[in-house]
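In: any chance you can model this:
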Amino acid sequence: MLFLPRGFRVRFLCFAGGLLATLFWQTPAFAQDRYFSLALGTSQTQRSNISLNGFPVGTSATFGGVTWRNEPLIFTPYYGIKLGTYFSTKSRWGAEFEFLHSKSIARTDQEVRVTGIWKGEPIDIVEPLRNKIESVRFTNGVNILSLMPVYRFAEARQRWQPYVGLGVSYYILWSRNTVDNQERYLRYRGIGWGWQAQAGLRYRLGNTGALYAEFKYTAGPGRARTAGEGELYTSLLTFHQTFGYTITW
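Out: Predicted coordinates for the structure are as follows:
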C-alpha cells in the first residue's frame, strides 16, 4: 500500500474492501468461480503530444508526435495482478480488479514540432525534443488500478476459454522530468481516471490452474509537475501483451 499517495489510501482501502466483499460473498445456492492471476508482459505506448505550461517562465508550448519506449524487462519489470470472480460456475459474466505496472519513457532524440510560446516568444520549429525537454520518465511507473466486468465465451469447465472485458481505471504515476536543464521528480501521485479494454484466452490445466494470454489497450492521463511549478501533460495510450498463470477455486 505504500505506493498509494497520502489521502488516497483510505479511499482505496474502502473501495477495495467493498469490492472484495462483493466479489467473494457467496451463498450455498450460488457457488462462485473465483481466480487470482499473476502476469508478465510488454507494452507499447503510442505517439502523443506533450503540453508544457508555466516553466520556463512565459512558456505554453506543445511538442507534437512524441514517441515512447517502455523497457518492460528493466527493474522494475512489467507485471500485472488480478483478483476476480464469475458470478456462478454456470455464469459467463463476472468482474475483476487488476493492478498493472508498466513504464513510459519519452524518446528525446526524436525530432518533434514545437509550437506555441517559449519563454515569452512565439515558436514554430522542428527540432529534437531534448533541446528543450531533456527527459520525461514514468518509470516506477505507470500504475493502473482497474475494475472491469468480464464475459467468457465458454462454460466454466471447458479447457479453452476466450473472454473480453471493459472497465474504468485510476492512474498512479511516479515521474521524473528535466525541462530546460532543471530536473524534478515526484513520488507516487494519483493523477486521474482512464479506461481499459482487454481480450484474452485462458487454457485450463486442471481444476485449479490455467495459463492465459491477453491483449489490452489502456488510455489515461500522464501529468507531472516540472521545476518552477510548471505542468507537463500527455496522454498515455498503450497496447499491452501479457502472459500469466491463474489459480482458480
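In: with just CA atoms, put the longest strand belonging to the chain into PDB.
Out: Secondary structure of the chain per DSSP state E: the longest strand is strand 182-204. Extracted C-alpha coordinates of strand 182-204, given in PDB (Å, rounded to 0.1, in the frame of the first residue of the first chain):
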ATOM      1  CA  GLN A 182      16.100  21.700 -14.500                       C
ATOM      2  CA  GLU A 183      15.100  18.300 -13.100                       C
ATOM      3  CA  ARG A 184      12.200  17.400 -10.900                       C
ATOM      4  CA  TYR A 185      10.800  14.000  -9.800                       C
ATOM      5  CA  LEU A 186       7.600  13.200  -8.000                       C
ATOM      6  CA  ARG A 187       6.800  10.000  -6.000                       C
ATOM      7  CA  TYR A 188       3.600   8.200  -6.400                       C
ATOM      8  CA  ARG A 189       0.700  10.500  -7.100                       C
ATOM      9  CA  GLY A 190      -2.900   9.800  -8.000                       C
ATOM     10  CA  ILE A 191      -3.300  11.500 -11.400                       C
ATOM     11  CA  GLY A 192      -6.800  10.800 -12.700                       C
ATOM     12  CA  TRP A 193      -9.200   8.400 -14.500                       C
ATOM     13  CA  GLY A 194      -8.900   6.400 -17.700                       C
ATOM     14  CA  TRP A 195     -10.200   3.200 -19.200                       C
ATOM     15  CA  GLN A 196      -9.100  -0.200 -20.300                       C
ATOM     16  CA  ALA A 197     -10.300  -2.800 -22.800                       C
ATOM     17  CA  GLN A 198      -9.000  -6.400 -23.000                       C
ATOM     18  CA  ALA A 199      -9.400  -9.700 -24.900                       C
ATOM     19  CA  GLY A 200      -7.800 -12.900 -23.700                       C
ATOM     20  CA  LEU A 201      -7.600 -16.700 -23.900                       C
ATOM     21  CA  ARG A 202      -7.400 -18.900 -20.900                       C
ATOM     22  CA  TYR A 203      -6.200 -22.600 -21.100                       C
ATOM     23  CA  ARG A 204      -7.300 -24.700 -18.200                       C
END
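In: what helices or strands is that strand leaning on?
Out: strand 133-152, strand 160-179, strand 209-225, strand 231-248 (3 or more C-beta pairs under 8 Å, 6 or more residues apart in numbering; DSSP states H and E). The C-beta positions use only the backbone N, C-alpha and C, and glycine is treated the same way.
In: out of those, which gets nearest to G120?
Out: strand 160-179 (15.7 Å; C-beta to C-beta).
In: how about the closest one, which residues are buried there?
Out: Within strand 160-179, the residues scored as buried using 16 or more other C-beta atoms under 10 Å are 161, 163, 165, 167, 169-179.
In: next one: stretch 189-207
Out: So stretch 189-207, judged by 16+ other C-beta under 10 Å, has buried residues R189, G190, I191, G194, Q196, Q198, G200, R202, R204.
In: tell me the one among these nearest to E121.
Out: The shortest approach to E121 among the buried residues of stretch 189-207 belongs to I191, at 30.5 Å (C-beta to C-beta).
In: the nearest residue to that closest one once chain neighbours are set aside bridge partners, please.
Out: Nearest-residue entry for I191: Y171, 4.5 Å, with adjacent residues in sequence omitted and distances by C-beta to C-beta, 6 or more residues apart in numbering. Note on Y171: beta-bridge partners I144, G192, judged by DSSP bridges.
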